[in-house]
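[1] Quick check, what structure comes out for this input:
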Amino acid sequence: MSKRIIAIILASVIVLGGILMSAMTSVVSSFMTGDFNINEEATSTVLEEGNSNKKIAEIVVEGEIIDTGASGGLFGGGAGYNHQAALKQLETIKNDDSIKGVLLSVNSPGGGTYESDEFYQKIKEVKDSGKKIYVQMENLAASGGYYISAPADKIYAGPQSLTGSIGVISESKDYSELLDNLGIKTNTIKSGAHKDILSSSRKMTDEEREILQSINKDSFDQFVNVVKEGRHMSESKVRELADGRIYSAQQAKSNGLIDAIGYKDKTLKDLKKAIKVDNPEIVTFDAEESNLTSFLGMKSFFNGLRADLKDVKSIINNESQTRPMYKYEG
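    Coordinates of the predicted model:
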C-alpha cells in the first residue's frame with residue numbers, strides 16, 4: 001500500500017471521527033441539559049468513627065486536573081477527577097467548624113493552569129480558615145499536582161512517589177506535510193497576522209513561538225511564586241529546581257519540596273497530633289446524585305460519556321494541549 005493511500009485513509013479517519021464525535025457529543029449534551037441536569041451537593045461519608053465535633057476531612061485528587069464537567073466515564077470505570085465537585089467539597093470543608101484538619105490525597109500528573117490555580121486558591125481559603133492541611137502524595141503528584149499541594153502545612157510522599165515537574169507546557173500538532181502530500185490547501189481569512197496562531201495546517205513562525213513562550217512565562221512565574229510562598233524558599237532556589245524534571249521522594253525531601261516520606265497512616269497520625277485530637281471522626285466527600293437520577297441510573301453514565309466524547313473530540317480537533325498546562329507528560 002502506497003504512502004499516499006495510507007495518508008488519505010488517515011485523513012479520512014480524522015475527518016469522519018471529528019464529525020462523529022461532534023454529533024454524539026451534541027446528542028449527549030442535549031440529553032443532559034434536560035430534566036436530568038440536577039445540581040450536585042458535597043455530602044460526607046464517615047471513614048472512621050470518632051469525635052464528630054472534631055473531624056478530619058479527606059479530599060482525593062485522582063487523575064488530570066481538568067474541568068470536564070463530569071467524573072468517571074466509559075473508559076474510566078467510574079473513577080476520576082471532578083473539578084466542580086472538588087471545589088464544592090473544599091467550600092463545604094471551609095465552612096464546617098467541626099472540621100479541624102484536612103488530608104489532601106494527590107495522585108495526579110497535573111492539568112490545566114486555570115483549574116490548578118482555582119483549586120489552589122480554594123485550598124488556601126480552607127487553610128486561612130484555621131484548618132491544618134496535610135498532603136499525602138501517592139504514585140504521582142507532579143506539576144499541577146504539586147501546585148495544589150504547595151500551600152499545605154506539611155507534605156508527605158510515599159517512598160516510591162514521584163513529584164516535581166515544576167513548569168508549564170503547551171503544544172500543537174503540525175499536519176502541514178500530511179496536507180501537502182494529500183494535495184490539500186487551507187485558505188484562511190483572518191483579521192490579524194496572529195489570529196491563526198497554533199494552526200495545525202502550517203508551520204509555526206519564530207515570532208509566534210516567542211509570543212506563546214511569553215504566555216508560558218507568565219504561568220511559569222506564577223508557579224514559581226506559589227512554590228516560593230508555600231515552601232518558604234528563595235526564588236532563586238525554586239527556579240533552580242524548576243527545570244521541569246520530576247523528583248523521587250528522597251530527592252524531593254532533600255530539596256525541600258516535601259517534609260517527610262511515609263504512607264497515609266503516618267500522615268494521618270501526624271495530622272491528629274497537629275490538631276491535638278486523639279480520636280477524630282474521619283470523613284470523605286462525594287458528589288452525590290439526587291434520588292431521582294440514582295434511581296434511573298442515568299446521570300452518572302451520561303456525564304461520563306459526555307466527558308469521554310469531549311476528550312476524544314479534543315484530541316481529534318487538536319484542542320487538548322494548545323493552552324498552557326501545569327502537566328507532567330511522562
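
[2] Which residue ranges of the chain form helices?
    3-32, 83-95, 113-128, 144-147, 176-182, 206-231, 235-241, 249-254, 264-275, 291-296, 299-316 (DSSP state H).

[3] mean pLDDT lowest for which of those helices?
    With a mean of 46, helix 291-296 has the lowest mean pLDDT of the helices of the chain.

[4] Contact partners for residue 244?
    By CB atoms under 8 Å, 6 or more residues apart in numbering, the residues touching residue 244 are 165-167, 169. Where you see a C-beta, it was placed from the backbone N, CA and C, and this is true even at glycine.

[5] Just the endpoints, please. Distance across stretch 154-170?
    With CA to CA, to the nearest Å applied, stretch 154-170 spans 30 Å between its terminal residues.

[6] Identify each buried residue in that stretch, please.
    154-158, 161-170 (16 or more other CB atoms under 10 Å).

[7] try stretch 221-229
    222-224, 226-228.

[8] Looking at these, spot the one nearest residue 46.
    Each of the buried residues of stretch 221-229 was scored against residue 46 by CB to CB, and residue 226 proved nearest at 32.9 Å.

[9] just to revisit the earlier point, among the buried residues of stretch 154-170, name the ones in strands.
    Among these, the ones falling in strands (DSSP state E) are 154-157, 162-164.

[10] CSV for those residues, including distance to residue 145 and pLDDT?
    Shown next, in CSV, are those (distance: CB to CB, whole Å; pLDDT from 0 to 100):
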residue, distance to residue 145, pLDDT
154, 16, 99
155, 11, 99
156, 14, 99
157, 11, 99
162, 10, 99
163, 7, 99
164, 10, 98
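
[11] Please tabulate those in JSON lines, including the columns distance to residue 134.
    Shown next, in JSON lines, are these (distance: CB to CB, whole Å):
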{"residue": "154", "distance to residue 134": "5"}
{"residue": "155", "distance to residue 134": "8"}
{"residue": "156", "distance to residue 134": "7"}
{"residue": "157", "distance to residue 134": "12"}
{"residue": "162", "distance to residue 134": "19"}
{"residue": "163", "distance to residue 134": "15"}
{"residue": "164", "distance to residue 134": "19"}
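
[12] Among those, which one lies nearest to residue 260?
    Nearest member of these to residue 260, counting by CB to CB, is residue 156, at 5.0 Å.

[13] mind checking how far that closest one is from residue 171?
    Per CB to CB, to the nearest Å, residue 156 is found 32 Å from residue 171.
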